[in-house]
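Undergrad: Got a sequence here, can you model it:
(2 chains)
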Amino acid sequence: MNLITQFLFELQAITNLLWRSIKGLAKKPRYFSDIIVQMDQIGVGSLGIVVLTGFFTGGVLILQAYPTLAYYGAQSNAGQGVATALIRELGPVLSALMVAGRVGSAIAAELGSMVVSQQIAAMRALGTSPVRKLVTPRLIAMLICLPLLTIAADLFGLIGGGIVANQLYGLDTNTYVASVRTGTDINALLTGIIKPIFFGLLIALISCEKGLTTTGGTAGVGVSTTQAVVLSSICVIISDFFLSKLLQSALESTLF
Amino acid sequence: MVFDELRNGEVRDVEDFSREHASVIKELRQLPAIEFRDVELAFDDQIILDKVSFTVKRGETKFVLGGSGTGKSTIINLILGLLKPDAGHILIEGEDITHFDDVELMRIRQNIGMVFQEGALFDSLSVYDNVAYRLHESKTPEDEVEHEVRRMLRFVDLEAAIDKMPSELSGGMRRRVGIARALVGNPSIVLFDEPTAGLDPPTARTICELAIKLRDIEDVSSIFVTHEMNNLEYISTEYAILDREGGVHFELEGKTRCQVNTEVIMLRQGQIVFSGRDEPLRASPDPYIQRFLNGK
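TA: Predicted structure coming up:
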């Protein structure tokens, strides 16, 4: 099977899974408690690594950009640069990559293990739809949690940048905050919220699909897990470019 | 339907109802629990089942024997509706389920218990929650759930393990919990997919005794897919009886009853090469059957 055919099959499987997950929402039973459990595992569980990633990314942005800005006498704009880079790009993408690594792998491994140990077949035999019980709660939890995690990463990134600017380069905190406010407009905020929703959709669907189509026993679980992380990460990075372009055009043409 | 009022809980006196509808009930009792009519299935060029026809009568245990890849587990997947046949018909208690959609199949599955090879217990749920799974899904009140779970765990003699997690159980215990889970809701059909594979002989014997109890005491129809010849030996030659105190005893065929309600079909390359009782199977001159039975 060539790469294009393979891609089209993957796309078909993922679209089909999305459709069945949405249909699952329309019918009873709805698994609200499972959504809460997943939000705890995806959201609360990933908060630490996402906050750390955001904090040090903000810090390193200032570390690298400040000397150049100082050379041109524009050091008072340091906060603006960090805010733009973090809120529009690095916050959503890095959070999505961290979550793809941590949660996407866990989802694919868990569902894959359930397939090879016949738990998915048992679930169907007991009259429960695995998509409704397992995929829909993970998808909803991801759609809610990833934007929130991204906001946390952005906030801590700005704090990290501020600390480095103040402690290493002696930039006044008020100057930094004012500069951050200049770099934070409604377009940036909307971009920073819409992107993680889309990334969350991709990560959850790819990971669930890879997990549920696991074959080849325990070795297959490893393969599915790797594929879920690699494919999710690549899709996040590629879609980020197109999404940025799309949002740029869409938001610039609006009143914002 | 005659039974709508019974299903909706509108019948006050079940005995009166049974007398009134005796002829319909008798007719329904005579319907096979499971019926395959010329079922065909192939994956790409590989033929899995080739015009397979058989019936499982009510209260009967049907052994499905055959080497690996002969389509034994496929039969179970077809009954559950997890696979669709390419041709032919599958009837469950008189209803043709061949073209049923997911919603209709869910209703059929409510009446079927499935025992998987390794138990297939949900790792993240305790024994209690595993057995209670079907009841929790149907939002049954918790006191009823607990009563039913304890009753089923007593049936498989594992009430003491109610709070354990599947990882704390031995292989045999996992299978028995799997049986308890399959029996919740009193299904009239139970499917066993190699339930004794990899178990030591005494534990395998315990699983077979449960299958015998289901057949003779609970009047459950079942399909028993296996490779193990001692499973056939136990289930086709012994039966269970209740004593006055409600204790279960196992006796050899011929002591009180003349025949146990068990038949065998043997598959080879997707076709049934033998169908009947165990004695003719053992006496068959077919080299494939003799090789399967004796290993040489």
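
Undergrad: C-alpha only now, for contacts and for neighbours.
TA: OK.

Undergrad: Extract the C-alpha trace of stretch B:182-200 and format it as CSV.
TA: Extracted as CSV, the C-alpha positions of stretch B:182-200 are listed here (Å, rounded to 0.1, in the frame of the first residue of the first chain):
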residue,chain,number,x,y,z
ALA,B,182,-21.5,-13.6,31.9
LEU,B,183,-24.3,-15.0,34.0
VAL,B,184,-25.6,-11.7,35.4
GLY,B,185,-29.1,-11.0,34.1
ASN,B,186,-29.7,-14.7,33.7
PRO,B,187,-28.9,-15.1,30.0
SER,B,188,-30.5,-18.1,28.4
ILE,B,189,-27.5,-18.6,26.2
VAL,B,190,-23.8,-18.7,27.3
LEU,B,191,-20.9,-18.9,24.9
PHE,B,192,-17.6,-20.4,26.2
ASP,B,193,-14.5,-19.6,24.1
GLU,B,194,-11.7,-22.0,25.2
PRO,B,195,-12.4,-21.2,28.9
THR,B,196,-9.9,-23.8,30.2
ALA,B,197,-7.0,-23.1,27.9
GLY,B,198,-3.8,-23.0,30.0
LEU,B,199,-5.4,-24.0,33.3
ASP,B,200,-4.2,-26.8,35.5
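
Undergrad: what's across from B:I265 in the sheet?
TA: B:V64, B:S275 (DSSP bridges).

Undergrad: Pull the contacting residues for it.
TA: With contact taken as CA atoms under 8 Å, 6 or more residues apart in numbering or on different chains, B:I265 is in contact with B:62-65, B:272-276.

Undergrad: thought A:M39 was touching A:L143?
TA: No - in terms of CA atoms under 8 Å, A:M39 does not count as a neighbour of A:L143; the distance is 9.6 Å.

Undergrad: Give the residues shared as contacts by those two.
TA: The contact lists of A:M39 and A:L143 share no entry, where a contact means CA under 8 Å, 6+ apart.

Undergrad: Pick the one among the contacts of B:I265 closest to A:S249.
TA: A:S249 lies nearest to B:V64 out of the contacts of B:I265, by CA to CA, at 64.4 Å.

Undergrad: Up against chain A, what does the stretch 1-150 of chain B have?
TA: Residues of the stretch 1-150 of chain B lying close to chain A (CA under 8 Å from any CA of the partner chain) are B:80, B:82, B:106-107, B:109-110, B:112-114, B:116, B:118, B:120-122, B:134, B:137.

Undergrad: Of all the residues in stretch B:158-172, which ones are buried?
TA: B:158-159, B:161-162, B:165-166, B:171-172 (16 or more other CA atoms under 10 Å in any protein chain shown).

Undergrad: Show me where the chain dips below the pLDDT cut-off.
TA: Using chain A. Low-confidence segments of chain A (pLDDT under 70): A:1, A:254-256.

Undergrad: nope, chain B please
TA: In chain B (pLDDT under 70), the answer is B:1-15, B:17-18, B:21-29, B:254-259.

Undergrad: ranges for the strands of it?
TA: Using DSSP state E, the strands of chain B run over residues B:34-43, B:46-56, B:61-66, B:87-92, B:95-96, B:112-115, B:189-193, B:221-225, B:238-242, B:248-252, B:262-268, B:271-276.

Undergrad: what bridges to the residue positioned nearest the centre of chain B?
TA: In chain B, the centroid-proximal residue (CA atoms, centre = their mean) is B:V190; its distance is 2.3 Å. Taking DSSP bridges as the rule, B:V190 bridges to B:G113, B:S222.

Undergrad: so how far is chain A from it?
TA: Distance, B:V190 to chain A, by CA to the nearest CA, to the nearest Å: 11 Å.

Undergrad: Tell me who's in contact with that residue.
TA: B:V190 touches B:112-115, B:182-183, B:220-223, counting by CA under 8 Å, 6+ apart.

Undergrad: Relative to B:R150, how far out is it?
TA: 19 Å (CA to CA, to the nearest Å).

Undergrad: What segments of chain B are helices?
TA: Counting by DSSP state H, the segments of chain B that form helices are B:4-7, B:14-20, B:22-30, B:72-80, B:102-109, B:127-131, B:133-137, B:142-155, B:171-183, B:201-216, B:229-237, B:278-283, B:287-294.

Undergrad: With distance to B:L49 added, can I get those in a markdown table?
TA: Shown next, in a markdown table, are the helices of chain B (distance: least, CA to CA, whole Å):
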| stretch | distance to B:L49 |
| --- | --- |
| helix B:4-7 | 36 |
| helix B:14-20 | 40 |
| helix B:22-30 | 27 |
| helix B:72-80 | 8 |
| helix B:102-109 | 21 |
| helix B:127-131 | 33 |
| helix B:133-137 | 31 |
| helix B:142-155 | 35 |
| helix B:171-183 | 26 |
| helix B:201-216 | 26 |
| helix B:229-237 | 23 |
| helix B:278-283 | 21 |
| helix B:287-294 | 18 |
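
Undergrad: Out of those, which is closest to B:D38?
TA: Proximity to B:D38, assessed across these by CA to CA, is greatest for helix B:72-80 (12.4 Å).

Undergrad: Return the list of helices and strands in contact with the closest one.
TA: strand B:61-66, strand B:87-92, strand B:189-193 (3 or more CA pairs under 8 Å, 6 or more residues apart in numbering or on different chains; DSSP states H and E).

Undergrad: Any idea how many residues pack against residue 133?
TA: Reading this off chain A. A:K133: 19 surrounding residues under other CA atoms under 10 Å in any protein chain shown.

Undergrad: looking at chain B here, not the other one
TA: 22.

Undergrad: residues in contact with it?
TA: Residues near B:Y133 by CA under 8 Å, 6+ apart: B:R181.

Undergrad: how about the residues of chain A near chain B?
TA: Taking CA under 8 Å from any CA, the part of chain A that reaches chain B is made up of A:29, A:114, A:117-119, A:122, A:124-128.

Undergrad: A:L189 belongs to a helix, doesn't it?
TA: Yes - the assignment for A:L189 (DSSP: H, G, I helix; E, B strand; the rest coil) places it in a helix.

Undergrad: Correct me if wrong: it contacts A:R88.
TA: Yes - with contacts counted by CA under 8 Å, A:L189 reaches A:R88, the gap being 7.3 Å.

Undergrad: Looking at those two, which is more packed in?
TA: A:R88 (23 against 14).

Undergrad: Name the nearest residue to the more buried one, ignoring sequence neighbours.
TA: Excluding the flanking residues, the one nearest A:R88 by CA to CA, 6 or more residues apart in numbering or on different chains is A:G192, at 5.0 Å.

Undergrad: Distance of that neighbour relative to B:R175?
TA: Counting by CA to CA - A:G192 and B:R175 are separated by 50 Å.

Undergrad: related to what we said a few turns ago, out of the helices of chain B, which gets nearest to A:S105?
TA: Closest among these, using CA to CA: helix B:127-131, at 25.3 Å.
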